[in-house]
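*Asks:* sequence-free structure coming up:
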Ligand SMILES: [Zn+2]
């Protein structure tokens with residue numbers, strides 16, 4: 001297909017900007033790579049990076065397999081604003097996408113149009129469809145890649161060589177990449193390239209896209225090229241490169257005039273009960289866990305309910321390798337409701353489990369995430385320290401086993417769980433279920 005380019009400047013526009021910015025088909029069939037930039041309209045680096053990859057592919061069309069499409073995420077907001085009515089990267093919930101009463105918000109229209117485009121590409125595709133959503137941050141930050149932790153996406157994301165962040169979708173609703181992975185079964189990830197205006201951001205983003213394309217076997221890179229693409233200096237020299245971080249805590253904005261201390265930096269250390277994450281309404285809010293700060297919100301304008309900052313903890317390599325091994329063992333998933341105390345299958349919902357809250361507080365992170373399950377319902381227990389959670393769960397497990405062992409001799413049936421106890425629902429991730 002012919003190369004196409006739209007007008008670079010779209011400020012003060014009346015009509016929406018062109019959504020498909022550039023596209024190219026290789027000579028051989030292969031995966032379809034959809035690269036989205038400026039889902040937040042004030043983040044132009046993503047679009048510039050997508051254009052750069054497109055130009056690079058034009059030069060190597062003979063050896064390129066598959067299809068590449070560069071997509072403008074937000075076509076209606078001016079490039080000085082993040083969004084018009086609501087954050088587009090929170091608009092991808094079933095409720096918002098399907099709501100028909102009243103006029104839709106600008107972002108509801110944008111979200112529906114984006115999904116129509118993805119569906120059209122999927123119909124055209126002659127291989128798997130992959131989507132990468134490119135962003136930049138308001139504060140200086142190490143670049144990173146964020147995704148829903150499934151084995152197929154982990155494999156692609158690791159190719160970037162960037163720090164990896166998982167668990168965002170359990171803190172935030174309506175993320176674009178989450179909808180693609182969990183509702184549509186399309187491998188998707190977010191890449192944050194650094195600060196909005198940093199000159200290196202475009203380079204980091206376009207390099208990361210190329211590395212993922214190489215992993216997906218759309219292009220081949222020489223060892224030299226690979227080193228060069230990973231070598232955007234500050235990335236490779238960082239101790240954080242290639243590490244996985246799990247988001248455990250989100251602090252929301254309750255006071256738009258909040259201050260985030262300067263010491264709270266992206267990927268900088270945070271100490272439990274010591275580090276002040278933010279000062280809201282004159283109150284210093286300490287971190288409930290030890291870890292690293294992620295995406296401190298230094299936007300000029302903040303609204304109530306926006307993210308102030310996240311705290312994540314590093315996941316060990318052993319844990320990652322173990323989880324990859326366990327997730328591929330289908331019998332474990334079949335046996336879980338039979339052997340784990342307080343866990344039961346939900347009739348008619350493959351891959352979903354009902355979990356007693358007392359066991360869930362410990363199993364959520366340590367076991368369900370390890371096995372590739374996502375918590376759909378249940379309150380967060382990140383604030384409790386691990387030893388406390390383990391003790392509670394051990395006590396509960398013993399009690400459950402004791403009840404089961406003595407059941408034949410008891411006259412009274414087990415008491416139903418009390419109404420106040422919120423039952424947790426966990427579900428095995430769709431892309432893991434599909435991966436063989
Ligand atoms: Zn963004």
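*Replies:* On my side now, so go ahead. Keep in mind the model is a prediction, meaning the values are calculated, not measured.
*Asks:* Next up, the contacts around whichever residue of the stretch 301-436 of the chain sits closest to the ion.
*Replies:* The nearest approach of the stretch 301-436 of the chain to the ion comes at residue 307, 11.0 Å away (C-beta to the ion). Backbone N, C-alpha and C define where each C-beta goes, glycine included. By C-beta atoms under 8 Å, 6 or more residues apart in numbering, the contact list for residue 307 reads 172, 250-253, 295, 297.
*Asks:* Kindly supply the ChimeraX command isolating those of the residues you listed that are buried.
*Replies:* The following ChimeraX command selects only the buried members of the contacts of residue 307, with burial defined by 16 or more other C-beta atoms under 10 Å:
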select :172,250,251,253,295,297
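*Asks:* Which ones among the contacts of residue 307 map onto strands?
*Replies:* Using DSSP state E, the members of the contacts of residue 307 that fall within strands are 250-252.
*Asks:* Go through the contacts of residue 307 and name the one nearest the ion.
*Replies:* Compare each of these with the ion using C-beta to the ion and the shortest gap goes to residue 295, at 9.5 Å.
*Asks:* mind checking how far the closest one is from residue 324?
*Replies:* Counting by C-beta to C-beta, to the nearest Å, the gap from residue 295 to residue 324 is 27 Å.
*Asks:* what bridges to the closest residue to the ion within the stretch 101-250 of the chain?
*Replies:* Across the stretch 101-250 of the chain, the shortest distance to the ion (C-beta to the ion) belongs to residue 135, at 3.5 Å. With DSSP bridges applied, the residues forming beta bridges to residue 135 are residue 192.
*Asks:* residue contacts, residue 213?
*Replies:* Residue 213 makes contact with 33, 53, 68, 219, according to C-beta under 8 Å, 6+ apart.
*Asks:* repeat that with 10 Å
*Replies:* 30-31, 33, 35, 53, 56-57, 64-66, 68, 130, 132, 156, 159, 219-221 (C-beta atoms under 10 Å, 6 or more residues apart in numbering).
*Asks:* what do you get for residue 94?
*Replies:* For residue 94, the contacting residues are 174, 179, 183, taking C-beta under 10 Å, 6+ apart as the criterion.
*Asks:* Buried ones among those?
*Replies:* The neighbour-count criterion (16+ other C-beta under 10 Å) marks 174, 179 among these as buried.
*Asks:* would you list the contacts of residue 94 in a markdown table and tack on secondary structure, distance to the ion and pLDDT?
*Replies:* Written out in a markdown table, the entries for these read as follows (DSSP: H, G, I helix; E, B strand; the rest coil; distance: C-beta to the ion, whole Å; pLDDT from 0 to 100):
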| residue | secondary structure | distance to the ion | pLDDT |
| --- | --- | --- | --- |
| 174 | coil | 13 | 94 |
| 179 | helix | 16 | 96 |
| 183 | helix | 20 | 93 |
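*Asks:* Return the member of the contacts of residue 94 nearest to residue 203.
*Replies:* In terms of C-beta to C-beta, no member of those lies closer to residue 203 than residue 179, at 28.7 Å.
*Asks:* residues near the residue nearest to that closest one when sequence neighbours are not counted, how many?
*Replies:* Nearest residue to residue 179 in three dimensions, chain neighbours excluded: residue 92, at 3.7 Å (C-beta to C-beta, 6 or more residues apart in numbering). The number of residues packed near residue 92 is 22, by other C-beta atoms under 10 Å.
*Asks:* Just the buried subset of the contacts of residue 213, written out for PyMOL, thanks.
*Replies:* Filtering those down to the buried ones (16+ other C-beta under 10 Å) takes a single PyMOL command:
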select buried, resi 30+31+33+35+53+56+57+64+65+66+68+130+132+156+159+219
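*Asks:* which ones among the contacts of residue 213 are found in helices?
*Replies:* Assignment to helices by DSSP state H places the following of those there: 53, 56-57, 156.
*Asks:* And the next helix or strand past the lowest-mean-pLDDT helix or strand in the chain?
*Replies:* For the chain, using mean pLDDT, DSSP states H and E, the weakest element among its helices and strands is helix 357-363, scoring a mean of 65. Beyond helix 357-363 in the direction of the C-terminus, DSSP states H and E gives the next helix or strand as helix 370-371.
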